[in-house]
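A.B. asks: Any chance you can model this:
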Amino acid sequence: MTKYIPVTVAQVEGLRKVANDKKVGLALFQKALDNGSFARYLDSLKADEQMEYTPLSDKRIAELTKMATSVGARICVLRRVRVQQDRDWQDSINLVGPSTPMNYNVRKPEVSAQYQSVSKKTVEKDIVLLNYLKGGDWNKATMWGQSTFLKAANPREVFAVGEQYPTLNKTLGQDLMCLVAPIECTFFGNRRACFVWWLDSDRKADLSHVNSFYDTYAWFAFSE
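C.D. replies: I've put the predicted structure just below:
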């Protein structure tokens with residue numbers, strides 16, 4: 001957490017100027033102080049700092065939307081996905097898809113060994129989902145992520161999406177869909193990637209070759 005430094009008089013004066021520019025007069029300003037609106041907002045700022053949460057701005061989302069449209073794709077932004085980066089691999093799989101068979105390759109230790117925890121922290125972040133309307137592929141998606149300076153979401157982040165958005169496929173209007181973590185691993189000498197798939201109300205974690213994600217049901221996950 002950032003070291004505490006008291007608010008300055010200049011910052012308070014800046015807030016007064018913003019309020020006046022927005023035509024928030026004395027009465028409304030005082031009401032916000034009296035009813036706790038300001039206090040709750042300040043509490044939310046502290047919570048965001050503790051969770052290291054920095055929301056994507058409307059301007060940034062508009063920019064990403066335009067860049068997706070230019071390549072025949074669309075995006076969906078999921079706000080405040082909570083990710084426990086050091087959660088046990090098997091626990092993450094069980095939470096996103098309790099019916100994931102024990103013999104699935106995604107559970108194999110040689111796979112989990114390639115996705116070590118990136119942090120011991122629990123964080124909240126906005127996750128950007130990319131989908132090609134006429135079907136994309138791994139190369140197109142990863143190149144788009146690089147061109148927008150987004151980071152490929154890791155499997156634990158994708159598992160967190162599946163856990164916290166169990167009916168995401170219905171929200172996106174697809175009975176069948178998969179959400180891919182575009183960070184590859186090697187399994188039996190082949191390039192693979194972890195993903196979560198939805199089929200109606202069923203949801204599982206899985207592992208597949210990177211060339212498998214080419215149809216319209218494939219979504220790819222990124223973050224700042």
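A.B. asks: can you pull out the helices in this protein?
C.D. replies: Taking DSSP state H to define them, one finds helices in the chain at 9-21, 26-34, 37-50, 58-69, 89-96, 109-112, 138-147, 155-164, 168-171.
A.B. asks: Buried ones in the last one, by neighbour count?
C.D. replies: Read it as helix 168-171. For helix 168-171, burial by neighbour count (16 or more other CB atoms under 10 Å) applies to 168-169. For glycine as for every other residue, the C-beta is placed from the backbone atoms N, C-alpha and C.
A.B. asks: what's it packed up against?
C.D. replies: strand 176-180, strand 190-199 (3 or more CB pairs under 8 Å, 6 or more residues apart in numbering; DSSP states H and E).
A.B. asks: chain center to the shortest one: distance?
C.D. replies: Spelled out, it's strand 176-180. Chain-centre distance of strand 176-180: 14 Å, with CA atoms, centre = their mean, to the nearest Å.
A.B. asks: Low-confidence regions, this protein specifically.
C.D. replies: Residue ranges of the chain with pLDDT under 70: 1-4, 36-51.
A.B. asks: do that again at 50, thanks
C.D. replies: 44-48 (pLDDT under 50).
A.B. asks: List the beta-bridge partners for the residue nearest in space to the middle of the chain.
C.D. replies: Nearest to the geometric centre of the chain sits I127, at 2.0 Å (CA atoms, centre = their mean). I127 has these beta-bridge partners by DSSP bridges: L78.
A.B. asks: got the contact list for it?
C.D. replies: 77-78, 81, 153, 157, 161, 221-223 (CB atoms under 8 Å, 6 or more residues apart in numbering).
A.B. asks: roughly how far apart are it and V24?
C.D. replies: 33 Å (CB to CB, to the nearest Å).
A.B. asks: S147 too?
C.D. replies: Applying CB to CB, the value for S147 to V24 is 40 Å.
A.B. asks: before we move on, what about V81?
C.D. replies: Per CB to CB, V81 is found 33 Å from V24.
A.B. asks: So which of those two has more stuff around it?
C.D. replies: V81 (21 against 14; other CB atoms under 10 Å).
A.B. asks: Test my guess that the more buried one contacts E157.
C.D. replies: Yes: in this structure V81 lies within contact range of E157 using CB atoms under 8 Å: 7.0 Å.
A.B. asks: shared neighbours of these two, which are they?
C.D. replies: Common neighbours of V81 and E157 are listed as 125, 127 (criterion: CB under 8 Å, 6+ apart).
A.B. asks: one step back: highest average neighbour count across the helices and strands packed on helix 168-171?
C.D. replies: Of those, the one with the most neighbours on average (mean count of other CB atoms under 10 Å) is strand 176-180, at a mean of 23.
A.B. asks: what's that one packed up against?
C.D. replies: If you count contacts as 3+ CB pairs under 8 Å, 6+ apart, strand 176-180 packs onto helix 155-164, helix 168-171, strand 190-199, strand 218-223.
A.B. asks: Distance check, N20 against F29.
C.D. replies: Distance from N20 to F29, counting by CB to CB: 9 Å.
A.B. asks: More neighbours: the two, which one.
C.D. replies: Each of N20 and F29 has its neighbours counted (other CB under 10 Å); F29 has more, 15 against 12.
A.B. asks: among the helices and strands packed on helix 168-171, which is nearest N105?
C.D. replies: The closest of these to N105 is strand 190-199. By CB to CB, the value is 7.6 Å.
A.B. asks: send the alpha carbons of that closest one over as CSV?
C.D. replies: Taking C-alpha atoms only, strand 190-199 is exported to CSV below (Å, rounded to 0.1, in the frame of the first residue of the first chain):
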residue,chain,number,x,y,z
ASN,A,190,2.8,-29.5,-28.4
ARG,A,191,1.7,-25.9,-27.9
ARG,A,192,-1.3,-25.8,-25.5
ALA,A,193,-3.4,-23.3,-23.6
CYS,A,194,-5.8,-23.5,-20.7
PHE,A,195,-9.4,-22.4,-21.1
VAL,A,196,-12.8,-22.5,-19.5
TRP,A,197,-15.7,-23.7,-21.6
TRP,A,198,-19.4,-23.3,-21.1
LEU,A,199,-22.1,-25.5,-22.7
